[in-house]
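Enquirer: Take this sequence and fold it.
(chains A, B, C and D)
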There are 2 protein chains.
Amino acid sequence: MDSKKQKKLEARGWVVGDASEFLQLTDEEARYIELKRALSESLKTERLKQQVTQVELAKMLGSSQSRVAKMEAGDAAVTVDLLLKALLTLGVTKKQLAKIIA
Amino acid sequence: MDSKKQKKLEARGWVVGDASEFLQLTDEEARYIELKRALSESLKTERLKQQVTQVELAKMLGSSQSRVAKMEAGDAAVTVDLLLKALLTLGVTKKQLAKIIA
DNA sequence: TGACAATATGTCCGTTTGGACATATGATCT
DNA sequence: AGATCATATGTCCAAACGGACATATTGTCA
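Expert: Below is the predicted model:
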């Protein structure tokens, strides 16, 4: 689990930049992170495209601005579930989702 | 919505009052559930295709047989994150994922 | 039938997550 | 400069999640 490894490293004083570079990630871990990155990036893009603020999106989600910011930052403590729910709330279609992921 | 389907969902932890309440699911909630269903179904299909048992897949994931069973059952207490990690562990590609989702 | 493997179901409990809040930074005005 | 809006960052704690285990069910053999 990457966040655990990362936290271990950080606890030892390492400043972790690019995950796949410093951590010994399995291929499937790296692909999972990349997937998340693609989703969070698309979230920000889609939100801006619709001219919605983070506060507004947070309200739509029943969440808070700070969490939306973390979603878009690709924060490790944000799940794919939350990203997907946010994208769906913005009206992203299955087809668009597929394009984001592929 | 027939009551059979509803009871199945209830048994799996989905909070469903009655048929009308179920129909009150927002579009984005319904689409999220459908997405999860597609992933769990694909997980089972892919595992069987590779002739892997739930116990074996659990070992690959560092998880347990019971959780794998819940993943494939589309249990409400299973996240998309876990489903994705399992699919990636089975070697499913981005393209295949996109196809599953779309 | 009994025995065995595979899968399903239920519960427990430590860990992770997410909403909330405070606060900081940044950007754009007059 | 100060004011205002948008976004980022950090922390807290209740709720949700996940691994583990027990147990039940199902399927398939001899």
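
Enquirer: following the helix or strand harbouring A:Leu43, which helix or strand comes up?
Expert: Secondary-structure assignment from DSSP states H and E places A:Leu43 in helix A:27-49. Stepping forward along the backbone from helix A:27-49, the first helix or strand reached (DSSP H and E) is helix A:54-61.

Enquirer: distance of whatever residue of chain A ends up closest to DNA strand C from A:Val55?
Expert: Relative to DNA strand C, the nearest point of chain A is A:Ser66 (2.9 Å; C-beta to the nearest atom of the strand). No exception for glycine: its C-beta is placed from N, CA and C like everyone else's. The spacing between A:Ser66 and A:Val55, counted by C-beta to C-beta, to the nearest Å, is 10 Å.

Enquirer: and the residue of chain A closest to DNA strand C, which of the three is it?
Expert: helix (DSSP: H, G, I helix; E, B strand; the rest coil).

Enquirer: number of nearby residues for it?
Expert: When neighbours are defined as other C-beta atoms under 10 Å in any protein chain shown, A:Ser66 has 10 of them.

Enquirer: Mind listing what's buried along the helix holding A:Leu43?
Expert: Of the residues in helix A:27-49, A:28-29, A:31-33, A:35-36, A:38-40, A:42-44, A:46-47 count as buried by neighbour count, 16 or more other C-beta atoms under 10 Å in any protein chain shown.

Enquirer: Hmm, A:Ala38 is touching A:Ile101, no?
Expert: Yes: under the contact definition of C-beta atoms under 8 Å, A:Ala38 touches A:Ile101, with a separation of 6.6 Å.

Enquirer: if we can go back for a sec, please list the residues outside the helix holding A:Leu43 that contact it.
Expert: A:1-2, A:19-20, A:25, A:54, A:57, A:71-74, A:78, A:80, A:83-84, A:86-87, A:90, A:92, A:100-101, B:84-85, B:88-89, B:94, B:97 (C-beta atoms under 8 Å, 6 or more residues apart in numbering or on different chains).

Enquirer: Among the residues you listed, name the buried ones.
Expert: Applying a neighbour-count criterion of 16+ other C-beta under 10 Å, the buried members of the contacts of helix A:27-49 are A:2, A:19, A:25, A:54, A:57, A:71-72, A:74, A:78, A:80, A:83-84, A:86-87, A:90, A:92, A:100-101, B:84-85, B:88-89, B:97.
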